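Student: Test case, fold it:
(one chain, ligands or ions: 1)
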Amino acid sequence: MVSTRTAVAVLGAGPAGLTVANLLRRAGIGCVLLERESRAFIEQRPRAGFIEEWAVRGLERRGLGEQLVAKAPRHEKFEFRFAGQRHVFRYGDVTGQRHFVYPQQLLVTDLVAQYVDAGGEAVFEVSDVRLHDLTSDSPAVTFRADGGEHRIDCDFVAGCDGARGVSASYLPESAVRAHHDYGIGWLALLAEAPPSADGVLFGIHPRGFAAHMARTPTVTRFYLQTAPGETEADWPDERVWRELHARLAVPGGEIVEGKLFEKRILDMHNSVVEPMSHGRLHLAGESAHLVAPIAAKGMNLALHDAFLLTDALAAYYAGDPAPLAGYSAACLPLVWQYQEFSLWLSDIFHHTAAGAENPFLARVAEARMRRLLGSPAAAAAFAELYIGKNADF
Ligand SMILES: Cc1cc2nc3c(=O)[nH]c(=O)nc-3n(C[C@H](O)[C@H](O)[C@H](O)COP(=O)(O)OP(=O)(O)OC[C@H]3O[C@@H](n4cnc5c(N)ncnc54)[C@H](O)[C@@H]3O)c2cc1C
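Tutor: Got it, this is the predicted structure:
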């Protein structure tokens, strides 16, 4: 067993863990970053793409957003497409804020380089990660790497190991584990195709929801609502394109096809554990809360937690333990705000398709849509949540 000591052991090199590790290193607080996958793997794993302006500014202000700000195109409008018509929604005009479109793997690549290449300590391809003595003053993490057993004694553990990590399992029985299942799936697709429009497209259709989101000039993400129990095998390419055209295309607004290189069913569910802290363990990002990609909120929330956690740890080492004690309570209002928004948006996206079996919900969804598109006050309230304008970091 190889034993070392550091101030903070950070589990997981996703957006949350990498932001925490970078900011701790810059604050002169010792840390070791542990990641289950290889560096090459995480630098190529495609997921999110839309980052809200407050989160970009938060990274930029902390010296981590230079590449992102220099390279990412901005988006400030989207289209609802339904009943063969386009309804353009210019949230940038209402809020003065935009999304930065930057594939998650590029942000991860930037953050890994900023951390590791500057001498930050990281161990990739760890396994059998276990946490110990979390309610003592000196917790520890044990794991296997390079065929050997390792132990890191530390002051704190930052559990940033995502929805499939181990950290959340160390919260006590008394922690509240809240869960919502949408009862549907989304088929997440990536195509080697240029974007078909200069904004996000949300297709609301009796056969189910569909979406289009630019990623790069040559890659586009699409989503298709799927029935419960369907698998990737139920969606050959020919069916995918037929449904994308049917649900998203309108006269003068066609969908550009390309080779599909990712096809993955996502079970649509949300969850939150609270409190997000237990003794010396503090969770950040998807280890604590999962939000289905309906409103593109997950990575933004992961960054929000990471900013708060590092600020709180910096305050602790400067002699003020109060922000760390209040860390979970500080994170949760935005977590729940985004959960609520995702459910609200889901009702608009998915209930129209329920028309045949539940005309009541379908009509309610249509009423919401009419109000959103007809009332400037409703549009302003929606736009603030869509871009997350309330958060200021
Ligand atoms: C298809 C799709 C599209 C999305 N689009 C958007 C979007 O546009 N905008 C948005 O904001 N969000 C979006 N999201 C959500 C976003 O990708 C996640 O919210 C984000 O990755 C969460 O970051 P994280 O750091 O908390 O977790 P992760 O990115 O999951 O990182 C956790 C890391 O921990 C590692 N790990 C796991 N277990 C262990 C262990 N035991 N020890 C050490 N390491 C471990 C994992 O390998 C991983 O690298 C999307 C998600 C998907 C699937």
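Student: mind checking the backbone torsions on R81?
Tutor: Backbone torsions of R81, given as degrees, to the nearest 10, read phi -120, psi 120.
Student: what number of residues lie near the closest residue to R177 other than its chain neighbours?
Tutor: Leaving out its chain neighbours, the residue that sits closest to R177 by C-beta to C-beta, 6 or more residues apart in numbering is V273, at 5.2 Å. Heads up, the C-betas are built off the backbone N, CA and C, glycines and all. Burial measure for V273: 20 neighbouring residues, criterion other C-beta atoms under 10 Å.
Student: what do you get for A83?
Tutor: 11.
Student: Around the ligand, pick out the residues from the protein.
Tutor: 11-17, 34-37, 42, 47-50, 104, 126, 129, 160-162, 164-166, 188, 266, 285-286, 293, 296-300, 302 (C-beta under 6 Å from any ligand atom).
Student: what residues are up against N300?
Tutor: Residues in contact with N300 (C-beta atoms under 8 Å, 6 or more residues apart in numbering) are 51-52, 55, 338, 388.
Student: again with H75
Tutor: Residues near H75 by C-beta under 8 Å, 6+ apart: 50, 92, 98-99, 101, 198-200, 214.
Student: any idea how far A27 is from the ligand?
Tutor: Computed as C-beta to the nearest ligand atom, to the nearest Å, the A27 to the ligand distance reads 19 Å.
Student: and what of A249?
Tutor: 22 Å.
Student: what's the neighbour count on the residue lying closest to that residue once chain neighbours are set aside?
Tutor: Once flanking residues are discounted, A249 sits nearest to I255: 5.0 Å by C-beta to C-beta, 6+ apart. If you count neighbours by other C-beta under 10 Å, I255 ends up with 22.
Student: Shouldn't I255 be within a strand?
Tutor: No. Assessed with DSSP: H, G, I helix; E, B strand; the rest coil, I255 is coil; it does not lie in a strand.
Student: residues contacting it?
Tutor: By C-beta under 8 Å, 6+ apart, the neighbours of I255 are 196, 212, 241, 244-245, 248-249.
Student: Now with 10 Å, please.
Tutor: By C-beta atoms under 10 Å, 6 or more residues apart in numbering, the contact set of I255 is 191, 193, 196-197, 201, 203, 210, 212, 220, 222, 241, 244-249.
Student: returning to what we had before: measure the residue nearest to R177 to G65 for me?
Tutor: 29 Å (C-beta to C-beta, to the nearest Å).
Student: R177 against P275, yeah?
Tutor: No. Judged on C-beta atoms under 10 Å, R177 makes no contact with P275 at a distance of 11.5 Å.
Student: what do these two both touch?
Tutor: With C-beta under 10 Å, 6+ apart, R177 and P275 have common neighbours L171.
Student: which one of these two has more residues nearby?
Tutor: Just comparing R177 and P275: by other C-beta under 10 Å the higher neighbour count belongs to P275, 18 against 11.
Student: isn't the more buried one right up against V335?
Tutor: No. In this structure P275 lies outside contact range of V335 using C-beta under 10 Å: 11.4 Å.
Student: Show me whatever sits in contact with both of these two.
Tutor: In contact with both P275 and V335: 288, 328, using C-beta under 10 Å, 6+ apart.
Student: Adding secondary structure, write the contacts of H75 out as TSV.
Tutor: Shown next, in TSV, are those (three-state DSSP):
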residue	secondary structure
F50	strand
G92	helix
R98	coil
H99	strand
V101	strand
D198	coil
G199	coil
V200	strand
A214	strand
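Student: Among the residues you listed, which one sits closest to A325?
Tutor: Nearest to A325 among the contacts of H75 is F50, at 32.9 Å by C-beta to C-beta.
Student: Tell me which stretches of the stretch 101-250 of the chain form strands.
Tutor: 121-123, 127-132, 140-145, 148-153, 156-159, 176-192, 200-203, 210-216, 219-226 (DSSP state E, counting those that start in this stretch).
Student: Name the stretch among those that sits most buried.
Tutor: strand 156-159 (a mean of 28; mean count of other C-beta atoms under 10 Å).
Student: Which strands border that one, and is each parallel or antiparallel?
Tutor: Strand 156-159 pairs in its sheet with strand 8-11 (parallel), strand 281-283 (parallel), by DSSP bridges.
Student: hey, which of those is tucked in deepest?
Tutor: Per stretch, and counting mean count of other C-beta under 10 Å, the top mean among those goes to strand 8-11, which has a mean of 29.
Student: ok now that one, how far from the chain's centre?
Tutor: Strand 8-11 sits 20 Å away from the centroid of its parent chain (C-alpha atoms, centre = their mean, to the nearest Å).
Student: Tell me the helix or strand right after it.
Tutor: Next helix or strand after strand 8-11 toward the C-terminus (DSSP states H and E): helix 15-26.
Student: residues in contact with the closest residue in space to P195 that isn't next to it in sequence?
Tutor: The shortest distance from P195 to any non-neighbouring residue, by C-beta to C-beta, 6+ apart, is to A214 (3.8 Å). A214 makes contact with 49-50, 73, 75, 101, 194-201, 220-221, according to C-beta under 10 Å, 6+ apart.
Student: Could you do N22 as well?
Tutor: By C-beta under 10 Å, 6+ apart, the contact list for N22 reads 10, 31, 33, 59, 62-64, 110-112, 114-116, 118, 120, 306, 310.
Student: quick one: it and P15, what's the gap?
Tutor: For N22, the distance to P15 - C-beta to C-beta - is 11 Å.
Student: for the helix or strand bottoming out on mean pLDDT in the chain, which positions count as buried?
Tutor: Lowest by mean pLDDT, DSSP states H and E among the helices and strands of the chain is helix 359-374, with a mean of 89. By neighbour count with 16 or more other C-beta atoms under 10 Å, helix 359-374 contains the buried residues 361-362, 365-366, 368-369, 372.
Student: No further queries at this time; thank you.
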